[in-house]
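Enquirer: sequence? don't have it. structure:
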């Protein structure tokens, strides 16, 4: 397990170490050319340039197999506030007890991107559905708060690592999912 976390951190660090050519306008940029570009645009209606897509992918193989896919769609309400929705699907299997199940659900989240710093605050509400017994599935609501580090990629895009705390941790959430704190690594790609 520790090897997987170290590999994830190594991968994230290598992604961050690449330098990017600066875009003409990056959300949160306070340069004069950025201000003139943002003020000339019509601010009414939906603006696709303020949207992001992304999410996370998790893979664990061995006696316990976990495959997680979590796509997200976000929209910049302001230059620092991102609101979004996401889906998640997890396949979980344990070889030693011959058990496998699918866990699925959705989430609504908000993020505050601290200006001129590589920090963000994150809050979300997640509803997941999981197999509780051979004949019953159960819905669980998780409320996560926390923060993390982000590396801007330009154009409203960034990679992130989050440390989240489940405020509604129950025995069900500990048995099926990670206990507190929950660590997530992902990407948001600006359109």
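Expert: Structure received. Everything numeric here is computed off the predicted structure, so don't read it as measured data.
Enquirer: mind checking the longest strand of this structure?
Expert: strand 137-154 (DSSP state E).
Enquirer: helices or strands next to that strand in the packing?
Expert: With contacts defined as 3 or more Cβ pairs under 8 Å, 6 or more residues apart in numbering; DSSP states H and E, strand 137-154 has these neighbours: strand 119-131, strand 157-166, helix 171-176, strand 182-190. To be clear about C-beta, it is placed using only N, CA and C from the backbone, and glycine gets the same treatment.
Enquirer: tell me how far that strand lies from the chain's centre.
Expert: When C-alpha coordinates are averaged (Cα atoms, centre = their mean, to the nearest Å), strand 137-154 and its chain have centres 5 Å apart.
Enquirer: same question for stretch 99-111.
Expert: A distance of 12 Å separates the centroid of the chain from that of stretch 99-111, by Cα atoms, centre = their mean.
Enquirer: that stretch: which residues count as buried?
Expert: Of the residues in stretch 99-111, 103, 105, 107, 109, 111 count as buried by neighbour count, 16 or more other Cβ atoms under 10 Å.
Enquirer: stretch 125-142 now?
Expert: Using 16+ other Cβ under 10 Å as the test for burial, stretch 125-142 gives 126, 128, 130, 131, 140, 142.
Enquirer: which of the helices and strands in the protein ranks last by mean pLDDT?
Expert: Least confident helix or strand, the chain: helix 32-40 with a mean of 42, by mean pLDDT, DSSP states H and E.
Enquirer: state the next helix or strand along the chain beyond that helix.
Expert: Later in the chain than helix 32-40, the nearest helix or strand by DSSP states H and E is strand 51-60.
Enquirer: buried ones in the next helix or strand along the chain from that next one, by neighbour count?
Expert: Downstream of strand 51-60, the first helix or strand assigned by DSSP H and E is strand 64-76. Buried residues in strand 64-76, counting neighbours by 16+ other Cβ under 10 Å, are found at 66, 68, 70, 72, 74, 76.
Enquirer: just give me the least confident of those.
Expert: Scanning the buried residues of strand 64-76 for pLDDT, the low point is residue 66. It has 87.
Enquirer: quick one: contacts for it?
Expert: 58, 59, 60, 90, 91, 92, 93 (Cβ atoms under 8 Å, 6 or more residues apart in numbering).
Enquirer: so it bridges to which residues?
Expert: Bridge pairing for residue 66 (DSSP bridges) gives the partners residue 60, residue 92.
Enquirer: so residue 78 belongs to a strand, correct?
Expert: No: assignment of residue 78 by DSSP: H, G, I helix; E, B strand; the rest coil gives coil, placing it outside any strand.
Enquirer: who touches it in this structure?
Expert: Residue 78 neighbours (Cβ under 8 Å, 6+ apart): none.
Enquirer: distance of it relative to residue 111?
Expert: Distance check for residue 78 against residue 111: by Cβ to Cβ, to the nearest Å, it reads 11 Å.
Enquirer: report pLDDT for the spatially closest residue to residue 142 that is not a sequence neighbour.
Expert: With sequence-adjacent residues excluded and distances taken as Cβ to Cβ, 6 or more residues apart in numbering, residue 142 is closest to residue 126, at 4.4 Å. We have a pLDDT of 92 for residue 126.
Enquirer: thanks a lot, catch you later.
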